[in-house]
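In: Return atomic coordinates for the entry below.
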Amino acid sequence: MKEPFVPNHLHLLVRGYVINPPKDVKLVDNFLIDLVHNVRMKVVAGPTSVYVDDLGNEGATGTITLATSHAAIHFWDNIIPSLFQFDIYSCSEFTVEEVLKCINEHFNLKEANYVFLNRNKDLITEISKGSY
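Out: The predicted structure is shown next:
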């Protein structure tokens, strides 16, 4: 008999800068699909990405719904290097290194700061934080 799924509530928040911000939303979709594959999760909806052209908030943004929760990213491409904010929340196991590697491969990561949280018992228990 198959063992029941036991969720492990992990939440990664990343703020950083990239050299090659996406102007085409298909690049954001491709990143989100690749990310999900790299962290061994399952897509249940999306990805959904759009380009926002509101003054001061210009950039691509995208989300993807996972069987175990979600991932989201937004770029501000009017800043050089381009700012991005990213988060992934999942009940499945993944590592910070897997996520940062995927961001770097798609957008040429210049630098990033992150906080990795365990939300199993309390709202927030910090696992690690650091820089890339």
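In: for the protein, where's the lowest mean pLDDT among helices and strands?
Out: Within the chain, confidence by mean pLDDT, DSSP states H and E is lowest for strand 125-131 among all helices and strands, at a mean of 65.
In: distance of the residue lying closest to residue 88 once chain neighbours are set aside from residue 101?
Out: Closest residue to residue 88 apart from its sequence neighbours, by C-beta to C-beta, 6 or more residues apart in numbering: residue 71 at 4.1 Å. (C-beta placed from N, C-alpha, C; glycine too.) Counting by C-beta to C-beta, to the nearest Å, the gap between residue 71 and residue 101 amounts to 15 Å.
In: so residue 11 touches residue 89, yeah?
Out: Yes: applying C-beta atoms under 8 Å, one finds residue 11 in contact with residue 89, separated by 4.5 Å.
In: list residues touching both of these two?
Out: Common contacts of residue 11 and residue 89 (C-beta atoms under 8 Å, 6 or more residues apart in numbering): residue 119.
In: I'm done for today, thanks for sticking with me.
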